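Engineer: Just a sequence and a predicted model for now, questions to come.
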Amino acid sequence: MRLYSVFLFILFSLGQTFAQTPPATNVPPRALPLSPSDQTNVAPDSDSMPLAVPGGVNVHWYGHGFIYLTSSVGVRAAIDPFGPNTVHYKFPNHLTSDFILVSHEAEDHGASDQLFGSPLIFRSVTAVGLNRANGIPFHGIALQRDPSGTGGASTAFTLSFDGVSFCYIGQINQPLLEEEKRQFGHVDVLFLPVGLTTLSVSDFNQVAQDLGARVIIPINYKTEKSGDLPLRSLDEYLSATKLPIRKFDSDELVISRGMLPTEPTVYVLKSP
């Protein structure tokens with residue numbers, strides 16, 4: 001009888017131990033926010049990584065068409081990173097990314113090998129349609145080709161970080177068709193390549209209006225670092241646009257849904 005009681009006690013104790021062991025889970029770990037302490041593991045010659053900001057999206061423009069987004073939980077997206085041979089902007093040292101979007105195959109827009117880490121890469125025509133990277137859904141939209149027939153395929157992207165919808169319009173060659181407008185829907189923030197001479201300033205204003213953008217960030221325009229590319233200057237665009245203009249003394253800003261302007265506004269970031 002005593003042995004039977006001891007046996008029951010052991011079984012009860014084991015049952016309690018297993019009950020306290022948390023069940024296994026297949027849910028992937030959530031990305032953690034970046035903080036200044038995360039920089040301790042970055043190489044000494046690295047540039048400062050854009051930090052995650054609670055409740056907002058950190059938008060960093062590295063020059064030309066290269067946009068880098070960091071969500072509030074530290075998910076990082078690089079869009080159209082430039083290579084070293086065409087433009088002369090400084091590429092950040094040891095910059096890592098979770099995923100990379102490339103609008104079209106050109107050296108100054110598709111240098112995904114410049115980034116570190118093990119990012120997922122979505123390139124041009126292979127990225128058309130609904131996709132997902134690091135839990136972030138995004139939509140690749142095929143744009144019309146250059147009517148001259150000399151230009152290659154280009155894909156625009158829409159994605160949402162922290163409740164803010166972003167649109168990277170890519171190498172746009174013609175005003176948007178009705179079908180393209182339906183695919184885009186309305187966006188909050190539009191990265192607009194105002195230096196492209198394929199469209200007039202009024203055409204670019206119409207694109208922003210078609211997409212309902214509340215923040216328009218000019219990119220991909222002529223500077224002293226643009227090399228020999230035939231691009232329109234920022235001043236040429238700003239002097240002809242009828243939209244309100246707000247200038248920032250930085251190539252980086254934080255955008256949240258509650259901070260969006262009530263009327264469409266051009267946000268001019270400082271050229272790197």
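Structural biologist: Looks like it arrived, so ask away.
Engineer: can you map out the strands along the stretch 1-150 of the chain?
Structural biologist: Listed in chain order, the strands of the stretch 1-150 of the chain (DSSP state E, counting those that start in this stretch) span 57-63, 66-70, 76-79, 99-102, 120-123, 129-133, 136-142.
Engineer: and of these, who's closest to residue 268?
Structural biologist: For residue 268, the closest of the strands of the stretch 1-150 of the chain is strand 57-63, at 10.2 Å, according to C-beta to C-beta. Glycine gets a C-beta too; all of them are placed from N, C-alpha and C.
Engineer: In the sheet, which strands lie alongside that closest one, parallel or antiparallel?
Structural biologist: Strand pairing for strand 57-63, using DSSP bridges, gives strand 66-70 (antiparallel), strand 252-255 (antiparallel).
Engineer: in the stretch 151-272 of the chain, which spans are helices?
Structural biologist: Ranges of helices in the stretch 151-272 of the chain, per DSSP state H, counting those that start in this stretch, are 178-184, 201-210, 234-240.
Engineer: What of the stretch 1-150 of the chain?
Structural biologist: So, for the stretch 1-150 of the chain - with DSSP H, counting those that start in this stretch - the helices run 2-20.
Engineer: closest to residue 212 out of the strands of the stretch 1-150 of the chain?
Structural biologist: Using C-beta to C-beta, these put strand 136-142 closest to residue 212, at 15.4 Å.
Engineer: which helices and strands sit right next to the closest one?
Structural biologist: Under the contact criterion of 3 or more C-beta pairs under 8 Å, 6 or more residues apart in numbering; DSSP states H and E, strand 136-142 touches strand 99-102, strand 129-133, strand 155-161, helix 178-184.
Engineer: how does it look with 6 Å?
Structural biologist: strand 129-133, strand 155-161 (3 or more C-beta pairs under 6 Å, 6 or more residues apart in numbering; DSSP states H and E).
Engineer: Kindly reformat the strands of the stretch 1-150 of the chain as JSON lines and extend each row with distance to residue 175.
Structural biologist: As requested, the strands of the stretch 1-150 of the chain are exported to JSON lines (distance: least, C-beta to C-beta, whole Å):
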{"stretch": "strand 57-63", "distance to residue 175": "25"}
{"stretch": "strand 66-70", "distance to residue 175": "22"}
{"stretch": "strand 76-79", "distance to residue 175": "22"}
{"stretch": "strand 99-102", "distance to residue 175": "23"}
{"stretch": "strand 120-123", "distance to residue 175": "25"}
{"stretch": "strand 129-133", "distance to residue 175": "23"}
{"stretch": "strand 136-142", "distance to residue 175": "14"}
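Engineer: Pull up the distance across stretch 167-185, start to finish.
Structural biologist: Start and end residues of stretch 167-185 are separated by 10 Å (C-alpha to C-alpha, to the nearest Å).
Engineer: Equivalent analysis for stretch 257-272, please.
Structural biologist: Span of stretch 257-272 from end to end, C-alpha to C-alpha: 26 Å.
Engineer: Please point out which parts of it sit buried.
Structural biologist: For stretch 257-272, burial by neighbour count (16 or more other C-beta atoms under 10 Å) applies to 264, 265, 266, 267, 268, 269, 271, 272.
Engineer: between those, which is closest to residue 119?
Structural biologist: Proximity of these to residue 119 (C-beta to C-beta) peaks at residue 272, which lies at 21.2 Å.
Engineer: what bridges to the closest residue in space to that closest one that isn't next to it in sequence?
Structural biologist: Leaving aside its chain neighbours, residue 272 sits nearest to residue 63 (4.3 Å; criterion: C-beta to C-beta, 6 or more residues apart in numbering). Counting by DSSP bridges, residue 63 is bridged to residue 66.
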